[in-house]
Structures are given as C-alpha cells and as structure tokens.
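Student: My questions concern the predicted model and sequence given below.
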Amino acid sequence: MSKFALFLLFLFAALVIGGGVFLSAWDIPAPSVQVEKVIPNDQFPK
C-alpha cells in the first residue's frame with residue numbers, strides 16, 4: 001500500500017473517530033418551546 005493511501009486511510013479513521021467523540025460529548029439543549037400544528041383531516045388517506 002502506498003504511503004499516500006495509508007495517509008488517507010489514517011485521516012479517514014481519525015475523522016470518523018473524532019466525529020463520534022464530538023457527537024457523544026456534545027450537550028444538545030432540549031427544545032424549550034412546545035410546537036403544536038393542526039393537520040386537516042383532508043390530508044389523510046381514507
């Protein structure tokens with residue numbers, strides 16, 4: 001395997017692992033406003 005291909009493989013693995021760590025550590029705030037939407041009955045199949 002060439003050095004460039006090995007470098008790309010290492011870079012891809014680092015990005016995937018780094019993204020996983022970022023998403024697991026990110027404290028996403030919960031929604032603070034309740035959303036209510038009225039859907040007319042005409043839109044549902046009968």
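Tutor: All right, it came through fine.
Student: what residue lies at the spatial centre of this structure?
Tutor: Nearest residue to the geometric centre of the chain (CA atoms, centre = their mean): Leu23, 7.7 Å.
Student: And that residue, what's its pLDDT?
Tutor: pLDDT, Leu23: 94.
Student: From Leu9, how far out is it?
Tutor: Taking CB to CB, to the nearest Å as the measure, Leu23 falls 22 Å from Leu9. Yep, even glycine has a C-beta here, placed from its N, CA and C like the rest.
Student: Leu15 too?
Tutor: 11 Å.
Student: just to revisit the earlier point, which secondary structure element is home to the residue nearest to the centre of the chain?
Tutor: Following DSSP states H and E, one finds Leu23 within helix 3-25.
Student: Need the residues that contact that helix.
Tutor: For helix 3-25, there are no surrounding residues in contact (CB atoms under 8 Å, 6 or more residues apart in numbering).
Student: again, only using 10 Å
Tutor: 1-2 (CB atoms under 10 Å, 6 or more residues apart in numbering).
Student: Which positions in it come out as buried?
Tutor: Buried residues in helix 3-25, counted by 16 or more other CB atoms under 10 Å: none are found.
Student: From the chain's centre, how far out is that helix? Work that out for me.
Tutor: 16 Å (CA atoms, centre = their mean, to the nearest Å).
Student: Return the alpha-carbon coordinates of it using CSV.
Tutor: Provided in CSV are the C-alpha atoms of helix 3-25 (Å, rounded to 0.1, in the frame of the first residue of the first chain):
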residue,chain,number,x,y,z
LYS,A,3,2.2,6.0,1.7
PHE,A,4,-0.5,8.3,0.3
ALA,A,5,-3.2,5.7,0.5
LEU,A,6,-2.1,4.8,4.1
PHE,A,7,-2.3,8.5,5.0
LEU,A,8,-5.8,8.8,3.5
LEU,A,9,-6.9,5.8,5.5
PHE,A,10,-5.5,7.2,8.7
LEU,A,11,-7.1,10.6,8.0
PHE,A,12,-10.5,9.0,7.3
ALA,A,13,-10.3,6.9,10.5
ALA,A,14,-9.3,10.0,12.6
LEU,A,15,-12.2,11.9,11.2
VAL,A,16,-14.7,9.2,11.9
ILE,A,17,-13.4,8.7,15.5
GLY,A,18,-13.2,12.4,16.1
GLY,A,19,-16.8,12.9,14.8
GLY,A,20,-18.0,10.1,17.1
VAL,A,21,-16.3,11.7,20.1
PHE,A,22,-17.7,15.1,19.2
LEU,A,23,-21.3,13.8,18.9
SER,A,24,-21.1,11.8,22.1
ALA,A,25,-19.7,14.8,24.1
